[in-house]
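>>> Just to be clear, the model below is a prediction. Sequence and coordinates:
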Amino acid sequence: MKLVLSLKEIGKEDRRLVGGKAYSLAVMKQQGLAVPDALCVTVEAYDEYVTSTGLRERIMMELSRKSFGEMRWEEMWDASLRIRNMFLKTPIANELVNAIKSHVEPVFNEKAVVVRSSALGEDSSRTSFAGLHESYVNVRGIASILDHVRLVWASLWSDRALLYRQELGLDVEKSKIGVVIQKIVVGEKSGIVFGKSPDNRPLMIVEAVYGMNQGLVDGTLTPDRWLLERNSGRVVSYTPAEKDKIVVPSNKGIQLVYLQNQKGAPPVSEEELSQLFDVALKSEEVFGAPQDIEWTFAGKQMYVLQSRPITTIKSGEPEDNRIFYLGLRKSFENLRSLRKRIEEELIPAMIEEGKSLSTVDPSRLSDSELAKEIERRSKINKKWVDIYWKDFIPFAHGVRLFGQVYNDAVRPTDPYEFTDLLTGTKMLSLQRNKLLEEMSRMIREDRTLSKNLTKQHYKHIDERFEKKLKSFTEKFGSYLCSAGGCRAERETIIKLLLELASKAPTRKKVKETSAQKKEQLFLSRFEGEQKQYTIELLDLARASYRLRDDDNIHLGNIQTQLVAAVNEARRRTKIELEVEEIDTEEIARVLRDKTYVPKISKKPSESSQDLELSARQLTGQPASPGIANGKARVISKSSDLFEMRKGEVLVCDAIDPNMTFVVPLSSGIVERRGGMLIHGAIIAREYGIPCVTGVSDATRLIHRGDQVVVDGYLGIVTITSKAS
């Protein structure tokens, strides 16, 4: 069994043993290019680890909770987080440790190294996993190297890598990974050279930064950029970047520091550009295709750190969407900048847009005016949906980054323990629910008020309650059920309040002392600059956690205004309300031309076979711990929310933030969509309510009135009896 190979030992027959990255490094080293010394821990070592520890079966169990093809990215992240925690908690067997040590210690001993992935299929002519697996810089000592080898192994199952494999149609079960342990070269300048421009122009691209390459690779630093003619090396254009920071080694990895000198000077000289040009051509000759090369200069010596084919320049090939999956991971600096943009620019603008739209009453518009208004609102909604995917979704990585740092430092049994440190934030939905709780308490404590509300004697309502109700309706009325385009009116809210008042609230928050102890334990694992970084990361994660809920509420308000206009058009044109989806352009056209028959998409009807389907036990993903037992309340439309009764189990496709006002009534939550960061899961943990997400066909297999048990520990929903 070949467990570890040096670059000099790797031959053509070993490519599937060491992975694409290690093989490319070996070829370049053997061709005389300057490549730092490296060893490869082969895929056979990975196989031995996951087989001997039983991890292989446990990984497949995690990925079989739901059809892999049906998993959303949130569900994949949950699965990958649980899998990563398995690697953290599962040590390498002594025999394998000793075998790896016998090769690594004589070469590196206490020298600083980089630990990188080298997966099968990585850096091939058809696919590029670059950036999708983890790399760790400035690792010292055999114990730390072995620990980081495990983390690289775990990154084979990251959500980014899983999504990419799914897109390429690769067999996930056959995924394997090698690991490159490479001597670190601390260069004064580093960068990337593309042997050929991805848009097929006869140009070569050079990007460079001062310091180490990590800041360029993760997007923290903007590089200087040169375009060179491929046939001569002549500089066609040069685009300088603002240079104020660089990445350098630190006691625990790397850190970003301010650039003291040379802020205005290009990182590389004309002579160095010429060297990079020559290396790119040499690499292309060696591999038979233009290469994407990472390099660094230490003094006058240039080193090649990685080389991979450029997969996006072949005509007729499908587009490589790896950049989207890379976008799911943001550096701390990126996230901090994104937070400022979201909190100071986007959220205020979104709120203002919603307020502006609400000033126009669709019912008062003529048909032609309504058609224009629908088109206008549709464009505004699309604009904010695009911003949501471009900015708000990536900012959710603040929670994920914190979770990874927390789990690496604390190594908890529960991979989601870190969420205990994030709850209790001032989410907009919780502020709304707090007002509901206050009004329901007033009803519970005032029998006269309760009686008058129950009998609809609204003229005799207590003035304080009336004032609070009016304020609530004005502030949150459109936030109660925007997903369905309704606005909760006075009578609807009162009905909800009477149900909330029927029993005292049962909100169970995580004990503050417990959360504080966990926070103290976590922070105690760091010192100096690293500790300050983790404090800032925790604050950023709390903002990310809160905004994951708030941004959808504000977006939902804009969507409410669009749906309100569409509903007005439906009322006038007699278009069936049962339609599931309709193009707003079609609606506008009907308003302008009453003879036009719109193209509509009706809800698919269930076959008799579907109606007969039944299941006693359904599997999903555990999202909030605890066990609940109650009758199912299946939500298929917004009006169903107001039928919710105390103690029922809320079953739905997905809980929109605008639906969470009924959560205090529920004993448990079941959702078809999955993920620890979807809104139902977030609000369930805030209230301490058991929750299972990612349950396929939940709203079809569970019926209203079914008695169900929700196990939020294991992610299982059991139907104990069917509704009569």
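Structure received. Residues are numbered from 1 along each chain as shown.

>>> I would like the residues contacting the helix or strand where Ala349 lies, please.
Using DSSP states H and E, Ala349 sits within helix 347-358. With contact meaning Cβ atoms under 8 Å, 6 or more residues apart in numbering, helix 347-358 is reached by 377, 380, 384, 478, 547, 550-551, 554-555, 557-558, 561. All C-beta spots, glycine's among them, are computed from the backbone N, C-alpha and C.

>>> and with 10 Å instead?
341-342, 373, 376-377, 380-381, 383-384, 387-388, 392, 428, 478-479, 482, 487, 547, 550-551, 553-562, 564-565 (Cβ atoms under 10 Å, 6 or more residues apart in numbering).

>>> how far does stretch 707-720 stretch from start to finish?
6 Å (Cα to Cα, to the nearest Å).

>>> Stretch 383-403 too?
First-to-last distance for stretch 383-403 - Cα to Cα - comes to 31 Å.

>>> can you pull the buried residues of it?
For stretch 383-403, the neighbour count (16 or more other Cβ atoms under 10 Å) marks 384, 387-388, 392-403 as buried.

>>> Mind checking which of those residues are in helices?
384, 387, 393-395, 397-403 (DSSP state H).

>>> Return the closest of the residues you listed with respect to Asp706.
Among those, Val399 lies closest to Asp706 (Cβ to Cβ), at 33.2 Å.

>>> Nearest spatial neighbour of that closest one, chain-adjacent residues omitted?
Excluding its sequence neighbours, the residue lying closest to Val399 (Cβ to Cβ, 6 or more residues apart in numbering) is Ser544, at 4.8 Å.

>>> quick one: strands adjacent to whatever helix or strand Val670 lives in?
Using DSSP H and E, Val670 falls within strand 668-671. Using DSSP bridges, the strands paired with strand 668-671 in its sheet are strand 649-652 (parallel), strand 691-693 (parallel).

>>> next structured bit after the last one?
Once the chain leaves strand 691-693, the next helix or strand it forms, by DSSP H and E, is helix 698-701.

>>> Report the buried residues of the next helix or strand along the chain from that following helix.
Downstream of helix 698-701, the first helix or strand assigned by DSSP H and E is strand 707-711. Residues of strand 707-711 classed as buried by neighbour count (16+ other Cβ under 10 Å): 708-711.

>>> And the residues you listed, which is closest to Leu665?
Val710 (14.6 Å).

>>> just checking, the closest one touches Ser667?
Yes. Counting by Cβ atoms under 10 Å, Val710 does reach Ser667; the two are 7.8 Å apart.

>>> Of all the strands paired with strand 668-671, which one is nearest Val114?
Across those (criterion: Cβ to Cβ), the nearest stretch is strand 691-693, sitting at 37.3 Å.

>>> Any regions of the stretch 401-550 of the chain where pLDDT drops low?
Within the stretch 401-550 of the chain, the stretches with pLDDT under 70 are 424-425, 477-489, 503-513.

>>> Mind jotting down where the helices sit in it?
Remark: helices assigned in the stretch 401-550 of the chain by DSSP state H, counting those that start in this stretch are 428-445, 447-454, 463-476, 490-501, 512-523, 528-573.

>>> Would you mind giving these as a markdown table with distance to Val634 and mean neighbour count added?
Output for these, formatted as a markdown table (distance: least, Cβ to Cβ, whole Å; neighbours: other Cβ atoms under 10 Å):
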| stretch | distance to Val634 | mean neighbour count |
| --- | --- | --- |
| helix 428-445 | 21 | 18 |
| helix 447-454 | 27 | 15 |
| helix 463-476 | 25 | 14 |
| helix 490-501 | 17 | 18 |
| helix 512-523 | 34 | 13 |
| helix 528-573 | 21 | 20 |
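
>>> With respect to Val50, which of these lies nearest?
Of the helices of the stretch 401-550 of the chain, nearest to Val50 by Cβ to Cβ is helix 512-523, at 28.6 Å.

>>> angle of that closest one against helix 397-410?
Helix 512-523 runs at 80 degrees relative to helix 397-410, counting by axes from the mean of the first three to the mean of the last three Cα atoms, to 10 degrees.

>>> how about the residue lying farthest from the centre of the chain, what does it touch?
Distance from the C-alpha centroid of the chain, by Cα atoms, centre = their mean, peaks at His460 (50.6 Å). Residues counted as contacts of His460 (Cβ under 10 Å, 6+ apart) are 448-449, 451-453.

>>> try 7 Å this time
By Cβ atoms under 7 Å, 6 or more residues apart in numbering, the residues touching His460 are Asn452.

>>> how about Asp292, secondary structure?
strand (DSSP: H, G, I helix; E, B strand; the rest coil).

>>> Look at it and say how many residues are nearby.
The tally of other residues near Asp292 (other Cβ atoms under 10 Å) stands at 23.

>>> mind checking how far it is from Val360?
Going from Asp292 to Val360 by Cβ to Cβ, to the nearest Å gives 51 Å.
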